[in-house]
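S.K.: the following block contains a protein sequence and its predicted model.
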Amino acid sequence: MKAIELLENKISKVAVLAILGVLISFQIFAQDGGLDVDINIGKTEWYEQTWVWVVGAAAFILILVALLRRKK
């Protein structure tokens, strides 16, 4: 009799966990609305310009060389 009660208890726990798992997966899928919002108005910021990155990289390399160069 004790074994049957333990089995019923285990089956009920598995059933509850399965139902909760299905409900959680429904909630996760429901959050994916697939909404695509594009608010680009054609402006680019100064840090998105290519020449800024090139000049910045060149300045960084020059500073790095100047700091690492040892005068004896």
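M.R.: In hand now; what should we look at? Everything quoted here is computed from the prediction, not taken from an experiment.
S.K.: quick one: stretch 19-33 to chain centroid distance?
M.R.: If you compare the mean C-alpha spot of stretch 19-33 with that of the full chain, they lie 19 Å apart, counting by CA atoms, centre = their mean, to the nearest Å.
S.K.: I misspoke; the intended subject was stretch 43-50.
M.R.: Relative to where its chain is centred, stretch 43-50 has its mean C-alpha point 24 Å off (CA atoms, centre = their mean).
S.K.: average model confidence for it?
M.R.: For stretch 43-50, mean pLDDT rounds to 85.
S.K.: when you give positions from now on, start the count at 135
M.R.: Sounds good: first residue 135 from here, last item stretch 177-184.
S.K.: span of that stretch from start to end?
M.R.: Using CA to CA, to the nearest Å, the end-to-end distance of stretch 177-184 comes to 14 Å.
S.K.: which SSE is immediately downstream of the lowest-mean-pLDDT helix or strand in the chain?
M.R.: Taking mean pLDDT, DSSP states H and E as the measure, the chain has helix 136-165 as its least confident helix or strand, at a mean of 84. Tracing the chain past helix 136-165, the next element assigned as helix or strand by DSSP states H and E is helix 184-202.
S.K.: what residues does that following helix touch?
M.R.: Taking CB atoms under 8 Å, 6 or more residues apart in numbering as the criterion, the residues outside helix 184-202 that touch it are residue 180. All C-beta atoms are positioned from the backbone trio N, CA, C, and that covers glycine.
S.K.: give me that answer again for 10 Å
M.R.: Applying CB atoms under 10 Å, 6 or more residues apart in numbering, the external contacts of helix 184-202 come out as 179-181, 183.
S.K.: could you identify which of those residues has the most neighbours?
M.R.: Of all those, the highest neighbour tally under other CB atoms under 10 Å goes to residue 183, namely 11 neighbours.
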